[in-house]
Structure formats: structure tokens, C-alpha cells
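**Student:** what follows is a predicted structure for the sequence shown.
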Amino acid sequence: GAGVSQSPSNKVTEKGKDVELRCDPISGHTALYWYRQSLGQGLEFLIYFQGNSAPDKSGLPSDRFSAERTGGSVSTLTIQRTQQEDSAVYLCASSPRARETQYFGPGTRLLVL
Amino acid sequence: RKEVEQDPGPFNVPEGATVAFNCTYSNSASQSFFWYRQDCRKEPKLLMSVYSSGNEDGRFTAQLNRASQYISLLIRDSKLSDSATYLCVVNKGTGNQFYFGTGTSLTVIP
């Protein structure tokens, strides 16, 4: 079946611009995660959605970062006024329920010039 | 102290060798443990969950030691295709976050 998809696969933007990253989770998965992975680094948790509950935003690094999940399915991660240190791979993962195996999308490679 | 710590390696082993990785975690309340595999410039993919009694999947064996708060992964009869970075993943214990280790790099040499 279809896995997690993310778009765009690559994004180059100028410092100060806003970007939107999209994630389509596996159908029926109630949990959705966003992570960031910088070159040679581990995955950094950003935000977590579970069903209709309030999201866990504790990993968002600044108020320039926000995310939404509409209708319990598609999610969008928005970064406002991008900075060069935002350059990383942004990975989305979904799982059938909380604390279960996560299935990752291919990621969006963001480069801020 | 990091929530999850792994030896970054790199581990360079010949084909057919047995190699073991350890991972320590700091939160004694953690309940879910996984090993993921990440190939270069690819997304992480689940290798195996780690159960309290230990579990095996073909050439791969995972073990959990709650008393010492570490998990291990043993790979027997290494194949060239096993070359990748292996990520240790532990849930936060409370809440639904997961902590990822920075990974252990393995290269299997012909």
C-alpha cells in the first residue's frame, strides 16, 4: 500500500522567506510526527499529532515554526522567516497508534541560502 | 546527559562477521524500544522492535536490559547490504515522544 509521502522533496529558499512542507500519512494512522535531521545529526523531535487531541508542540525550536493537521490526515509544517540554521531534512512519520512503530516519509531537504 | 546514547562508530567489519551495537537510555520509565536502519540520504526504516524477553529476526537479535538501561543489536553473518546507520529509538516514557540516537555507522567490507 501507499506509504508516507512528503512534498516537496527538495526546497531551496532565501533567508527570510516562509516555507510550507507537506506530509501525507498512511491512511488510517492516527499518530503523526515531524522531525528534523541536520547533516550528520540524529533526529530532532518537532511536533506530534494524535487523533483529535491537542498537538505536542514541545519540540518546536522557535515561534517561527508551526504545524497543522487537517481532518486528522494531511499535515503542513510552516517555517516563517527562514534562517540558514533551518537548513536540514524534515522528516514526517505516521503510526497506527501512539507509541507504535513509526513509518517515515522520504523527507524534504530544505536549504536556506 | 543525552536521552539516548550510541557509539557512533564507524564499525568496519568483513563479510560474514558478527557485530554488536549497544545503546543506553536515561529514562527508566521508557516502555517502547526499536532499532531503525537508515541508508545514506534515505529515511529511517524499522529494523525491529525490541521486546523485554529479547527477540530474533533471522540474522538479527535484539535484547533489552532494563536494569542497566540499554538495548543491543547483534548482527550475525554480516552481508554487504547490511552497511547502513543503525538508530536506537526509545520512547519518552510519559507522553508520546520518541528519542532517537545519533546512530551507529556500519560498513561491511568484501
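**Tutor:** That came in fine, so what should we check first?

**Student:** up against chain B, what does chain A have?
**Tutor:** Contacts of chain A with chain B, taken as C-beta under 8 Å from any C-beta of the partner chain, map to A:31, A:33, A:35, A:41-43, A:45, A:48, A:50, A:56, A:58-59, A:91, A:98-107. Placement of C-beta: from N, CA and C, glycine included.

**Student:** which residues touch A:Arg22?
**Tutor:** By C-beta atoms under 8 Å, 6 or more residues apart in numbering or on different chains, the residues touching A:Arg22 are A:6-7, A:74-76.

**Student:** distance to B:Gln97, neighbour count and pLDDT added to these, as JSON lines?
**Tutor:** Output for the contacts of A:Arg22, formatted as JSON lines (distance: C-beta to C-beta, whole Å; neighbours: other C-beta atoms under 10 Å in any protein chain shown; pLDDT from 0 to 100):
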{"residue": "A:Gln6", "distance to B:Gln97": "20", "neighbour count": "22", "pLDDT": "98"}
{"residue": "A:Ser7", "distance to B:Gln97": "25", "neighbour count": "14", "pLDDT": "97"}
{"residue": "A:Val74", "distance to B:Gln97": "22", "neighbour count": "14", "pLDDT": "95"}
{"residue": "A:Ser75", "distance to B:Gln97": "16", "neighbour count": "23", "pLDDT": "96"}
{"residue": "A:Thr76", "distance to B:Gln97": "20", "neighbour count": "14", "pLDDT": "97"}
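
**Student:** between those, which is closest to chain B?
**Tutor:** A:Gln6 (8.9 Å; C-beta to the nearest C-beta).

**Student:** does that closest one touch A:Asp24 like I think?
**Tutor:** Yes: counting by C-beta atoms under 8 Å, A:Gln6 touches A:Asp24, with 7.5 Å between them.

**Student:** identify the contacts common to the two.
**Tutor:** Residues touching both A:Gln6 and A:Asp24 by C-beta under 8 Å, 6+ apart: A:Gly105.

**Student:** rewinding a little: with secondary structure and distance to B:Asn91 added, can I get the contacts of A:Arg22 in a markdown table?
**Tutor:** Formatted as a markdown table, those follow (DSSP: H, G, I helix; E, B strand; the rest coil; distance: C-beta to C-beta, whole Å):
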| residue | secondary structure | distance to B:Asn91 |
| --- | --- | --- |
| A:Gln6 | strand | 23 |
| A:Ser7 | strand | 28 |
| A:Val74 | coil | 25 |
| A:Ser75 | strand | 20 |
| A:Thr76 | strand | 25 |
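
**Student:** strands along chain B, start to end?
**Tutor:** Assigned by DSSP state E, the strands in chain B fall at B:4-6, B:11-14, B:19-25, B:33-38, B:45-49, B:55-57, B:60-65, B:70-75, B:84-91, B:98-100, B:104-109.
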